[in-house]
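In: Sequence and predicted structure, then a few things I'm wondering about:
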Amino acid sequence: MSRFRVIPHVAPQLSREEMYRVIRTPVITEKATNVSEHNQVIFRVALDATKRQVKAAVEGLFDVKVAAVNTIRVQGKTKRFRGRIGRRSDYKKAIVTLAEGSRIDVTTGI
């Protein structure tokens, strides 16, 4: 007999305000547009956001079904400006794979 209790997967309940805090902006680049052909959408998300929070936020905001979420933490680059060294901020990207039949068009409303 196992000592561990099995807890069923429960999606976190997020308020509308928390959903907007988790999902910052859609990424609109050439690569993100090419990925949309495979039913995927890329978002910039909060650094402390988890995959479950991103899934709950996308499903709540866009009324779609999410199949998978992959996250990437991007380290900020060191840059020079007028001889002074600066650093860009770190950020996190989420590649959201949508279920069959679901679609998000991030280019509308721009």
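Out: Looks like it came in fine.

In: Nearest the geometric middle of this protein, what residue?
Out: For the chain, the residue nearest the mean C-alpha position is Ala94 (3.1 Å; C-alpha atoms, centre = their mean).

In: Now do that one against Val69, distance only.
Out: In this view, Ala94 and Val69 are 6 Å apart by C-beta to C-beta, to the nearest Å. For every residue, glycine as well, the C-beta is placed using N, CA and C.

In: Residues that sit against both of these two, list them.
Out: Lys51, Val54 (C-beta atoms under 8 Å, 6 or more residues apart in numbering).

In: what about the nearest residue to Leu98 once chain neighbours are set aside, neighbour count?
Out: Among residues not flanking Leu98 along the chain, Asn39 sits closest, at 4.9 Å (C-beta to C-beta, 6 or more residues apart in numbering). Neighbourhood size, Asn39 [other C-beta atoms under 10 Å]: 16.

In: just the one 5 residues further on next, same as before
Out: Neighbours of Arg44 under the rule other C-beta under 10 Å: 14.

In: Show the model's pLDDT score for it.
Out: We have a pLDDT of 97 for Arg44.

In: Could you measure from it over to Thr25?
Out: Taking C-beta to C-beta, one finds Arg44 at 5 Å from Thr25.

In: can you check Asp63 too?
Out: Distance, Asp63 to Thr25, using C-beta to C-beta: 19 Å.

In: Could you do Tyr91 as well?
Out: 10 Å.

In: Give me the common contacts of these two.
Out: Arg44.

In: Which one's more surrounded, the two?
Out: Applying other C-beta under 10 Å to Tyr91 and Thr25 shows that Tyr91 carries more neighbours, namely 16 against 10.

In: can I assume that one is in contact with Ile72?
Out: No: with contact defined as C-beta atoms under 8 Å, Tyr91 does not reach Ile72; the gap is 9.4 Å.

In: hang on, the residue nearest to the centre of the chain packs against Asn70?
Out: Yes: contact between Ala94 and Asn70 holds when scored by C-beta under 8 Å: they sit 7.1 Å apart.
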